[in-house]
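> using only what follows, build the 3D model:
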Amino acid sequence: EINAIVLPLLARLAHTPDNSPLSHLLHANMPQGHTRQPEMILPSVRVTLLGGMQEPGHGAANLLVGLMQNPDQLAALRAQPEALMPRAIDEGLRWIAPIGTMMRTALRDTQVSGITVPQGTAVSCIFASANRDEARWQNADCLDIHRPAQAHMAFGLWRAFLCRKVVCKSPDRHCPACPSRCHSSAAVCRRPARFRRLGIPRTHPPAYQTLIPPAAFAIHPDAIPL
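This is a model prediction of the structure:
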């Protein structure tokens, strides 16, 4: 379905470029009169679309689970959504990052914490572990929306830094291009307001699903008993 929609757009933009992201993917840094082939662009389009649909929803669900397990924090957030929502979203992403790891390849021989990593070695960067590093986070396994703000690894770093960071941190919470903020606001403040006693029984903890494709794994609730 994505190919059926995107391929005609790429064909048109190849001849009549504009300022859209698709057009830039086709033409940026290419010799005059040349464009990238569609098969080079389609994987990036798929990743962008799927990431925009899945990870914001998974992040919102993870945050909602944590808040329902901490009803005092849920009450505080619902009482002061404008003040606490940005911090709550960051804390939810730190507590359970929707993308738990990312694969990379060592470009040269190096060492990490005294361990030799030869050039060409596949390395798995475990964001989920870094976000609970006891040396950086106090009570790292606990969700705490009042925690002092600190940078986390849910979006990666440097060139691996994900564009969803920009989306999630947009100041306009009403913008349709802010899926993580909108999903989290709806999940935490609007939907639970219809159910005043919404919560998770202590005897039935939520079940999580971990998907492990070749290059990353996703973490999100598989079942939430209410």
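> measure Gln37 to Arg46 for me?
Distance, Gln37 to Arg46, using C-beta to C-beta, to the nearest Å: 15 Å. (Each C-beta comes from the backbone N, C-alpha and C, glycine too.)
> and if you look at Pro38?
12 Å.
> could you do Leu77 as well?
From Leu77 to Arg46 the distance is 34 Å (C-beta to C-beta).
> neighbour-wise, which of the two wins?
Leu77 (23 against 13; other C-beta atoms under 10 Å).
> wait, a helix at that one?
Yes. Counting by DSSP: H, G, I helix; E, B strand; the rest coil, Leu77 is part of a helix.
> let me see the confidence value for it.
The pLDDT attached to Leu77 in the predicted structure is 88.
> count of neighbours near the residue lying closest to it once chain neighbours are set aside?
Distances taken as C-beta to C-beta, 6 or more residues apart in numbering place Leu84 nearest to Leu77, at 4.9 Å, with adjacent residues excluded. A count of nearby residues for Leu84, using other C-beta under 10 Å, gives 18.
> assign Leu84 to helix, strand or coil.
Going by three-state DSSP: Leu84 is helix.
> start and end of stretch 108-120, how far apart?
Using C-alpha to C-alpha, to the nearest Å, one end of stretch 108-120 lies 7 Å from the other.
> one more: stretch 99-110?
Using C-alpha to C-alpha, the two ends of stretch 99-110 sit 25 Å apart.
> and that stretch, what's buried?
Using 16 or more other C-beta atoms under 10 Å as the test for burial, stretch 99-110 gives 99-102.
> let's have the residues you listed in JSON lines, adding secondary structure.
As requested, the buried residues of stretch 99-110 are exported to JSON lines (three-state DSSP):
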{"residue": "Ile99", "secondary structure": "strand"}
{"residue": "Gly100", "secondary structure": "coil"}
{"residue": "Thr101", "secondary structure": "strand"}
{"residue": "Met102", "secondary structure": "strand"}
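> for the chain, what spans make up the helices?
2-15, 21-27, 38-68, 71-79, 81-95, 127-130, 164-168, 179-185 (DSSP state H).
> can you give the contact residues for the first one?
Right, the one you point to is helix 2-15. Helix 2-15 has contacts (C-beta atoms under 8 Å, 6 or more residues apart in numbering) with 20, 22-23, 26-27, 35, 38, 41-42, 45-46, 49.
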